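# any chance you can model this:
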Amino acid sequence: MAARQIGPQGINHGDRQRIPPRSQEIFDKYQKSPEKNRIRECFNMLEEIIPYLGNFAPIVTILKDEMYRSVYSKNLTSCDKDPYVERVPFFCAAGRVDEARQEEADKATESLAELQQRIRFRDHDLQILYKKNMALKQDITDHQLKHQQLLEKIKSLEDQCHKYELEKGEASYFHVANEHSLKSEIEKLQTTLAQKNSIIEKLTVFKSAYSDAPDSILEEREKNKVELMIDSVGMVEYDIYQAERLQEQFAEILNYQLDDFEMALSQLRKKKEILSGIVISEAEREASYALELHELVSGFRKRVSDLLEEQRLLKSHTTSLKTIASTYSSDKKTIQRTADNALRCYSTVLHYSEDGGINFKPWKHAPYCGKCGERTVCCPHKLGSMEPIALKQSITHIRFVRPGLKLRSHCRPGEKPPKVQSAFHQDGSDSEELDEGEDEQLLVTKSMKMVWEEYYDSRQGYKPKYTRIFNLERTLDYIEEVYEARIVYEEKVDEIANRDDEASYMSFTDFFYDFFIQRYQIQEVALKAIHDLFTALSKYESSNLNVAIFIRHLCGMEDITWKYIYDARKLFAKYNDGSPFTPMKYRQVLSILYPCRPREVHEAMELEFTAYSKNKYSIQILDEHFLHMIYKQIEPNVKFMTMCLKRFDYQETGFLQFEDFDEALSQLMNGIQAKHKRLLYRLVAKDATRDAVPISKLAMVCTYFAIHESSLHSWLPQAINAPEVIAQLGRMTESGGKDSEKSNSRGGTDDKITQEDVDVVLKGGNIHGVSLDSRAVEDEEQRMKRRIDMMMASQQQSDEESDN
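This is a model prediction of the structure:
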């Protein structure tokens, strides 16, 4: 059998005519094999011929199915024609995968080429950056070297600056010291120059008066002269008179010494304040200040000691002269003689007579001699004249007489010199009567009389001849200086009280005298300065409240009031910030100065201040009103504390022992240190005559504690646990003052509450039987709770700040 011819696609060309036309078209259209449409058409033809195969139909069907599963993929693949999803042969799927891989490979190749290009660019950039980095590293190294050099230069400059600052501080210190010394020297020279100029002017006037005075003036001057006939008694009396005059000069010198010393102290304090801003350690400043103060006080003490020694010598000389005078006064054989016998040998005065030598007159054409006191024709004080003297024809006689010794003096023969007191303390052995002391004068106030009695009786004071006159400003400066020294003293005692429970303050009066004695070093001089200050205090007592309150401290009536005023003025200074003092600021001051008061009481206080100040608000008027209330003893805090302390006076004696006072203060205010309670109680107990202190003095202590604790806590109003007193004040204000005697006298027509109404309630003694208002107590409890919360918050904040 001849073999069949098979074409390149596996198709027998001899059987072409047996293929159906539709399939033939598909084969012709898709000639490349294998191909998806040709395979599909082949399986379609198998489906068509299977029914005609008879017994081979099942076998062919199995073969067809196996081939179909082997050829076609189980997964559905999308297509671009209906039904858009179909199963394709494996070679088609593999071809699509290859195409996709090829496409991805192409994209990857392109991306790789692009990345390679970028890498090349990056490498190029990296090379450039590397070069730049190397250049920057080099620059950084250079800059670091320059920076190190600059740091070293800065350090050296800082060292130089510090050195220059020290040199500047030292130069400033020495400059200020030299400036003060030069100013002091200039002032001394100016004073000396003024004195010398005054002396020159006086001498010039005297010279012109003696040289160019007309005859009438010379004759008038002669009338004021007396011829001093000096015997032994007269000479002694004249010496005593001159010694007494020297005492006046000692008094003036002492006043000048005191003024200079106080001026030097003031300049030294100003210098210390100026040097506080200079870069010098505090130890160096204090050492320098202490050294200069020691030199100043030592020089003053030496000068005054020399003055005292001269005074003692003069006093001894005066005593001996008085002894001699008493001896001469008993001698009746003393022969009087003129004191100008020696001068008569050298001076001559021409007298002429026109009546035959009966009456003689002095010749007035001769030149006048100031030292001889006459118109002399010949005297040792001037050159003689060679010119002839022409006489009138009527002159019959002439004579030459010697001029008498004439002195200008109030010391006449046989007359005792007036008594001149010494500038210093005299012994009590003198028989002469003492002048009236200031404590014996009728116009002195009661408090100032107590001060003078303390000065004369307890402190052995004396009344000097000349008292320095102080103006009000200088007097107030003295008062402020005493207060500042007292503050420093109490701070030292507080430190001692931490170690010694028996420590106590010195009374204000004792401290005052001790302060002056320590300042002037010599008791006589200190008493002289105290007398001068007391004289100024007596002068300004009625016109200035600061002076009047200071006098109360000196006479022992007060010991704590100045501390209360000092802290209150610190509160006033807080609101003296340059802006106007408004009613809002005044209300804030009231809330701090008078805490735990009902709102109505604060409103009444504001009305009282408005009436006092005539609707003018200022810190100065506030301070004046505050001092006015303290001086008149109507200060609300003192009366409030008096009312609170009376609750603990169970026997109604008006006094409290320390245990009762401690209990009262512990209930009223918490946080007061035990040492401060003990120190202030001992201070006010110094004048007490029994083992208890009057409630009035203890009320001032409580008042001071209230404002002092407020100042220590940034002026936070302190809570005062006295609900009964506060409730009574609230009821009084709510009733319009009907509980007071004032309102009864007005008939209850005035609904406004004044400070006087509050004072009436505070003065009331029946405070134990007060009926409490439950509503007021509840309101007060709420306010107390809020205050306690504020205090706890403030305490917690202060603890956190201290921990930080």
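
# just give the nearest non-adjacent residue to the residue positioned nearest the centre of the chain, would you?
Taking C-alpha atoms, centre = their mean, the centroid of the chain lies closest to Lys570, which sits 8.8 Å from it. Counting by C-beta to C-beta, 6 or more residues apart in numbering, Lys570 lies nearest to Ser711, which is 6.1 Å off, once chain neighbours are set aside. For glycine as for every other residue, the C-beta is placed from the backbone atoms N, C-alpha and C.

# contacting residues for the one you found?
By C-beta atoms under 8 Å, 6 or more residues apart in numbering, the contact set of Ser711 is Asp567, Lys570, Leu571.

# likewise Met506?
By C-beta under 8 Å, 6+ apart, the contact set of Met506 is Tyr489, Asp514.

# can I assume it sits in a helix?
No: counting by DSSP: H, G, I helix; E, B strand; the rest coil, Met506 is not found in a helix; it is coil.

# the helix or strand encompassing the residue nearest to the centre of the chain - contacts with which helices or strands?
Assignment of secondary structure by DSSP states H and E places Lys570 within helix 561-574. If you count contacts as 3 or more C-beta pairs under 8 Å, 6 or more residues apart in numbering; DSSP states H and E, helix 561-574 packs onto helix 472-497, helix 545-554, helix 583-593, helix 619-631, helix 695-712.

# go through it and flag the buried ones.
Buried residues in helix 561-574, counted by 16 or more other C-beta atoms under 10 Å: Thr561, Trp562, Lys563, Tyr564, Ile565, Tyr566, Asp567, Ala568, Arg569, Leu571, Phe572.

# need these in TSV (columns: pLDDT).
Output for the buried residues of helix 561-574, formatted as TSV (pLDDT from 0 to 100):
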residue	pLDDT
Thr561	89
Trp562	90
Lys563	89
Tyr564	90
Ile565	91
Tyr566	90
Asp567	90
Ala568	90
Arg569	90
Leu571	89
Phe572	89
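
# looking at the residues you listed, which is nearest Val88?
Distance to Val88, by C-beta to C-beta, is smallest for Leu571 among the buried residues of helix 561-574, at 103.0 Å.

# just confirm that closest one contacts Ile592, I think it does.
Yes: at 6.2 Å, Leu571 and Ile592 qualify as touching, with contact defined as C-beta atoms under 8 Å.

# overlap in contacts, those two.
By C-beta under 8 Å, 6+ apart, Leu571 and Ile592 have these common neighbours: Ser710, Trp715.

# quick check: Ser542 vs Asp623, distance?
Distance of Ser542 to Asp623, computed by C-beta to C-beta, to the nearest Å: 19 Å.

# same drill for the two, tell me which one is more crowded.
Asp623 (18 against 11; other C-beta atoms under 10 Å).

# out of everything not next to it in sequence, what's closest to that one?
Nearest residue to Asp623 in three dimensions, chain neighbours excluded: Phe572, at 6.0 Å (C-beta to C-beta, 6+ apart).

# quick one: contacts for the one you found?
So Phe572 contacts Val589, Ile619, Leu622, Asp623, Phe626 (C-beta under 8 Å, 6+ apart).

# turn those residues into JSON lines, including distance to Glu652 and pLDDT.
Formatted as JSON lines, the contacts of Phe572 follow (distance: C-beta to C-beta, whole Å; pLDDT from 0 to 100):
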{"residue": "Val589", "distance to Glu652": "35", "pLDDT": "89"}
{"residue": "Ile619", "distance to Glu652": "41", "pLDDT": "89"}
{"residue": "Leu622", "distance to Glu652": "36", "pLDDT": "90"}
{"residue": "Asp623", "distance to Glu652": "36", "pLDDT": "90"}
{"residue": "Phe626", "distance to Glu652": "31", "pLDDT": "91"}
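
# name the nearest of those relative to Ile479.
When these are compared against Ile479 (criterion: C-beta to C-beta), the nearest one is Asp623, at 14.4 Å.

# I figured Glu86 hits Ser73, correct?
No: counting by C-beta under 8 Å, Ser73 is not a contact partner of Glu86; they are 10.0 Å apart.

# what is the neighbour count of Met669?
18.

# and the strands in the stretch 601-750 of the chain?
With strands called from DSSP state E, counting those that start in this stretch, the stretch 601-750 of the chain shows them at 655-656, 693-694.

# closest one to Glu491 among those?
Nearest of the strands of the stretch 601-750 of the chain to Glu491, taken as C-beta to C-beta: strand 693-694 at 23.6 Å.

# from the contact counts, what lies against that closest one?
Strand 693-694 is packed against strand 655-656, with contacts defined by 3+ C-beta pairs under 8 Å, 6+ apart.

# list the contacts of the strand it packs on.
So strand 655-656 is contacted by Leu645, Phe648, Asp649, Ala664, Ala688, Arg690, Ala692, Val693, Pro694, Ile695, Leu698 (C-beta under 8 Å, 6+ apart).

# what's the farthest-apart pair in these?
With C-beta to C-beta as the measure, no two of the contacts of strand 655-656 lie farther apart than Ala664 and Arg690, at 18.3 Å.

# just give me the neighbour total for the closest residue to Asn637 other than its chain neighbours.
Excluding the flanking residues, the one nearest Asn637 by C-beta to C-beta, 6+ apart is Thr703, at 4.4 Å. Neighbour count of Thr703, defined by other C-beta under 10 Å: 26.

# got the confidence number for Thr703?
At Thr703, the model reports a pLDDT of 88.

# quick one, what contacts it?
By C-beta under 8 Å, 6+ apart, Thr703 lies in contact with Tyr564, Glu635, Asn637, Val638, Met641.

# by neighbour count, which of the residues you listed wins?
Busiest of the contacts of Thr703 [other C-beta under 10 Å] is Met641, holding 30 neighbours.

# how about the contacts of Thr703 in CSV, adding distance to Met605?
Listed next are the contacts of Thr703 as CSV, based on distance: C-beta to C-beta, whole Å:
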residue, distance to Met605
Tyr564, 17
Glu635, 11
Asn637, 11
Val638, 14
Met641, 16
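
# go through the residues you listed and name the one nearest Tyr352.
Closest to Tyr352, out of all of the contacts of Thr703 and judged by C-beta to C-beta, is Tyr564, at 88.3 Å.

# could you say which helix or strand holds Ser33?
Using DSSP H and E, Ser33 maps to neither a helix nor a strand.

# now distance to His175 too, for the helices and strands packed on helix 561-574, in a markdown table please.
Formatted as a markdown table, the helices and strands packed on helix 561-574 follow (distance: least, C-beta to C-beta, whole Å):
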| stretch | distance to His175 |
| --- | --- |
| helix 472-497 | 27 |
| helix 545-554 | 37 |
| helix 583-593 | 43 |
| helix 619-631 | 37 |
| helix 695-712 | 38 |
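
# out of the ones you listed, which gets nearest to Val60?
With C-beta to C-beta as the measure, helix 583-593 is the member of the helices and strands packed on helix 561-574 nearest Val60 (117.3 Å).
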